[in-house]
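Chemist: After the sequence you'll find the predicted model.
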Number of protein chains: 2
Amino acid sequence: MRTRAAVLEQFGQPLVVQEVELEEPRAGEALVRLVACGVCHTDLYTASGADPSGYAPAVLGHEGAGVVERVGEGVSSVAPGDHVVTLFSPQCRECAHCLDKRTNLCLAIREQQGVGLLPDGTTRFSRVSTGEPIRHFMGTSTFSEYTVMPEIALAKISPEAPLDRACQFASGLSTGLGAAMNTARVAAGSTCVVFGAGMVGLGAVAGCRLQDAERIVCVDLSEERLALARGQGATDTVVGGPDAVDRVLELVGGLGADYTFEATGNVRVMRQAVESARMGWGLATVCGVAGKGETLDVIPRYLITGRRVAGSSFGGVKGRDGVPALVERWLAGELDVEPFVSHHLTLDEVNRGFELMEAQDGIRSVISFS
Amino acid sequence: MRTRAAVLEQFGQPLVVQEVELEEPRAGEALVRLVACGVCHTDLYTASGADPSGYAPAVLGHEGAGVVERVGEGVSSVAPGDHVVTLFSPQCRECAHCLDKRTNLCLAIREQQGVGLLPDGTTRFSRVSTGEPIRHFMGTSTFSEYTVMPEIALAKISPEAPLDRACQFASGLSTGLGAAMNTARVAAGSTCVVFGAGMVGLGAVAGCRLQDAERIVCVDLSEERLALARGQGATDTVVGGPDAVDRVLELVGGLGADYTFEATGNVRVMRQAVESARMGWGLATVCGVAGKGETLDVIPRYLITGRRVAGSSFGGVKGRDGVPALVERWLAGELDVEPFVSHHLTLDEVNRGFELMEAQDGIRSVISFS
């Protein structure tokens, strides 16, 4: 079949929306018709050429939600008509990591996914003109009317959930929520600090609230984003800067916060998160993706005096189990994802989504497929 | 009363053993007759002038064991005749940290102890000639025939325990044991890597063994120390170097070790400990004290993929409760502390202890008081 898709042809150049060939799903795969897809910094990171493991040509996009159209041989966990959220972080339910409650880093298809191939080592996308293969991206490739994905990378969600909002659970929002709920396991009554009020940081604020934190301080450069953070449950907000640690400690007390979260990708902010964590037991959770070659420089004394540092990938969420559960909490009214959608775009406007992100205009652009 | 003590008169110069004046214990304090005292790197660190928070004149020494001679007003937890181990890390049993199981960092007397004073802000030591106060060190000052210490810094141990061995539990050994047992809480059947086979590292190896780790790899530059590590339970040993991570991963499998420990104070080795920890859940515990201005530089990707970093001060041991318990395990035959004592010295030979340490000759020199 043919589908319209946004293809990364050259790093640093706009994506090219075009008709491409899409093969039928093979064993263990499903064909998904996308209904909505968020435009995320990770897409831009690869499109710009900054990601050292990037490749082209490839169909980008990973924050998708849609409907299963057809399934390949042996597929049993999803069926045509099911509503799904796409998972760049799959859950095979069989590998050593899926069977272990301490991690969500499924080992099943990492290698092939990392180089833009489906688990059998091939692509389903190709050029209409030449038949040249076009690679997948993050195992998802959701900047496309249709995509083919491994069954283990599809979270089946309630059909009640509007898909143009549900797509947010495919990436940053779940990362932030999960960082608080799974990675840090924020304790009720505790004091939390979230650095960064983008999608991940706002998710972390909401996650701290759902964990019944008593105090949630959010730090960001933008007053507008800090207002969104207050809407998600932040009890205090601080305009960021080089003195953010001092100002956070003034608010939470000199020993520091029980839990801190970094959601910026900036290694200097990661260090602020470590230095704002409480002596004795404070846990700093790093969520952002740093630039190549950058390091988080920790003064060992902060560790010796009882602080801990952790990291979170997709919020420690085991996607097929965890995303539907988070969607249920949203449907139950415990989460308000409405304020995150700042722009509505068509697939043809995908590059506009990147521009808005670079201009730090709003939290999320969502592409709707007609 | 008068007592002979080793006084730090000038940074970088040998300690001067001399008679000093020692006042009687005041409220909440006890007079302790030292029987034995280890010579530790922390003493040398201050004596050399490298410690930015050092001060002089001061009576150094902190790895002491002895007998309570007299107690001040209101002292109830120790009595004359009790055998005690001295604690640079006290346990008041009343502060927010003592009442919390997550940390051993008692807050009661930190400030005064840090500047060489007893809790009431004065010293008990002074010069015979001029009456000039001589400061305490780490709240202990055990390079002295007699010392006065806060009651909350004395761990009452079994009278069965030979004091010239028990003194080892005052510092490095408990730090290493506790790092494995309290900070990391090594799980049975797990794989551990210990970087450094000095007192702290050997304690960590023994701690991993007591926690029933299945595999314990020890990394050190010295074959002699690695032999001691095997004696404490190391199942594999690796001669350290810039390629230590690769060689450890070859031994334990490419994903890394469940628990790693750093016991060197070298920030490059701390980084090796982080990079040897297992993807998904590996915990790196930093025990060493780094030089001023040095940082542990962590590539954030190691965190995002599930590794955690923690630090340990005195092994997370709440001293008055924990040290007697560790001594009991030694008396029960679960620990062999004999191989750690490499040299026996008199108080007058204390500077020889520093020389042996600088020459990396043996693990521990122990001063016996006649």
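Modeler: Arrived safely.
Chemist: How confident was the prediction at whatever residue of the stretch 51-200 of chain A ends up closest to chain B?
Modeler: Nearest residue of the stretch 51-200 of chain A to chain B (Cβ to the nearest Cβ) works out as residue A:103 at 3.6 Å. All C-beta atoms are positioned from the backbone trio N, CA, C, and that covers glycine. Note on residue A:103: pLDDT of 97.
Chemist: okay, residue A:199: pLDDT?
Modeler: Looking at residue A:199, its pLDDT is 95.
Chemist: what do you get for residue A:162?
Modeler: For residue A:162, the model assigns a pLDDT of 97.
Chemist: Near it, how many other residues are there?
Modeler: 14 (other Cβ atoms under 10 Å in any protein chain shown).
Chemist: picking up where we left off before, mind checking what secondary structure the closest residue to the residue of the stretch 51-200 of chain A closest to chain B other than its chain neighbours has?
Modeler: Excluding the flanking residues, the one nearest residue A:103 by Cβ to Cβ, 6 or more residues apart in numbering or on different chains is residue B:280, at 3.6 Å. Secondary structure assignment for residue B:280 (DSSP: H, G, I helix; E, B strand; the rest coil): coil.
Chemist: Which helix or strand contains residue A:238?
Modeler: strand A:236-239 (DSSP states H and E).
Chemist: Tell me which residues of that strand come out buried.
Modeler: A:236-238 (16 or more other Cβ atoms under 10 Å in any protein chain shown).
Chemist: Now do the helices in the stretch 51-200 of chain A.
Modeler: A:110-114, A:163-166, A:172-178, A:199-210 (DSSP state H, counting those that start in this stretch).
Chemist: Quick check: which of those helices is nearest to residue B:311?
Modeler: Closest approach to residue B:311 among the helices of the stretch 51-200 of chain A (Cβ to Cβ): helix A:199-210, 23.7 Å.
Chemist: What is the burial count for residue A:99?
Modeler: 9.
Chemist: Can you tell me how far residue A:9 is from residue A:312?
Modeler: Distance, residue A:9 to residue A:312, using Cβ to Cβ, to the nearest Å: 33 Å.
Chemist: Have a look at the two and say which one is more surrounded.
Modeler: When neighbours are counted by other Cβ under 10 Å, residue A:312 comes out ahead of the other of residue A:9 and residue A:312, with 28 against 13.
Chemist: Can you verify my assumption that the more buried one contacts residue A:288?
Modeler: No. Under the criterion of Cβ atoms under 8 Å, residue A:312 makes no contact with residue A:288, lying 9.7 Å away.
Chemist: returning to what we had before: how about JSON lines for the helices of the stretch 51-200 of chain A, with mean neighbour count added?
Modeler: Below are the helices of the stretch 51-200 of chain A laid out as JSON lines (neighbours: other Cβ atoms under 10 Å in any protein chain shown):
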{"stretch": "helix A:110-114", "mean neighbour count": "15"}
{"stretch": "helix A:163-166", "mean neighbour count": "22"}
{"stretch": "helix A:172-178", "mean neighbour count": "29"}
{"stretch": "helix A:199-210", "mean neighbour count": "29"}
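Chemist: Just put those in JSON lines and tack on distance to chain B.
Modeler: Output for these, formatted as JSON lines (distance: least, Cβ to the nearest Cβ, whole Å):
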{"stretch": "helix A:110-114", "distance to chain B": "10"}
{"stretch": "helix A:163-166", "distance to chain B": "25"}
{"stretch": "helix A:172-178", "distance to chain B": "10"}
{"stretch": "helix A:199-210", "distance to chain B": "12"}
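Chemist: Quick check: which of those helices is nearest to residue A:82?
Modeler: Proximity to residue A:82 (Cβ to Cβ) singles out helix A:163-166 among those, at 11.6 Å.
Chemist: Could you name the helices and strands sitting against the helix or strand hosting residue A:366?
Modeler: According to DSSP H and E, residue A:366 maps onto strand A:364-368. If you count contacts as 3 or more Cβ pairs under 8 Å, 6 or more residues apart in numbering or on different chains; DSSP states H and E, strand A:364-368 packs onto strand A:29-39, strand A:341-345, helix A:350-358.
Chemist: Tell me which of these is the most buried.
Modeler: strand A:29-39 (a mean of 26; mean count of other Cβ atoms under 10 Å in any protein chain shown).
Chemist: so the next helix-or-strand element following that one versus strand A:29-39, what angle?
Modeler: Stepping forward along the backbone from strand A:29-39, the first helix or strand reached (DSSP H and E) is helix A:41-48. Helix A:41-48 and strand A:29-39 are oriented at 90 degrees to each other (axes from the mean of the first three to the mean of the last three Cα atoms, to 10 degrees).
Chemist: How far off centre is the strand holding residue A:238?
Modeler: Its chain's C-alpha centre and that of strand A:236-239 lie 24 Å apart, by Cα atoms, centre = their mean, to the nearest Å.
Chemist: Give me the residues contacting it.
Modeler: Residues outside strand A:236-239 that contact it (Cβ atoms under 8 Å, 6 or more residues apart in numbering or on different chains): A:215-221, A:223, A:226, A:229-230, A:244, A:247-248, A:251.
Chemist: Shouldn't residue A:228 be within a helix?
Modeler: Yes. Secondary structure assignment places residue A:228 in a helix (three-state DSSP).
Chemist: for it, what are its contacts?
Modeler: A:197, A:202, A:339-340, A:363.
Chemist: how about the residues of the stretch 151-300 of chain A that lie near chain B?
Modeler: Selection of the stretch 151-300 of chain A residues close to chain B by Cβ under 8 Å from any Cβ of the partner chain yields A:267, A:270, A:279-281, A:286-290, A:294-300.
Chemist: Filter these down to just the ones in strands.
Modeler: Taking DSSP state E as the definition of strands, these contribute A:286, A:296-298.
Chemist: Just give me the neighbour total for residue A:246.
Modeler: If we define neighbours as other Cβ under 10 Å, then residue A:246 has 14 of them.
Chemist: For it, give me the pLDDT.
Modeler: Residue A:246 carries a pLDDT score of 97 in this model.
Chemist: re the thing from before, check which strands are paired with the strand holding residue A:238 and give the direction for each one.
Modeler: As defined by DSSP bridges, the strand partners of strand A:236-239 come to strand A:215-220 (parallel).
Chemist: Between helix A:199-210 and the partner strand, find me the angle.
Modeler: Strand A:215-220 runs at 170 degrees relative to helix A:199-210, counting by the same axes, to 10 degrees.
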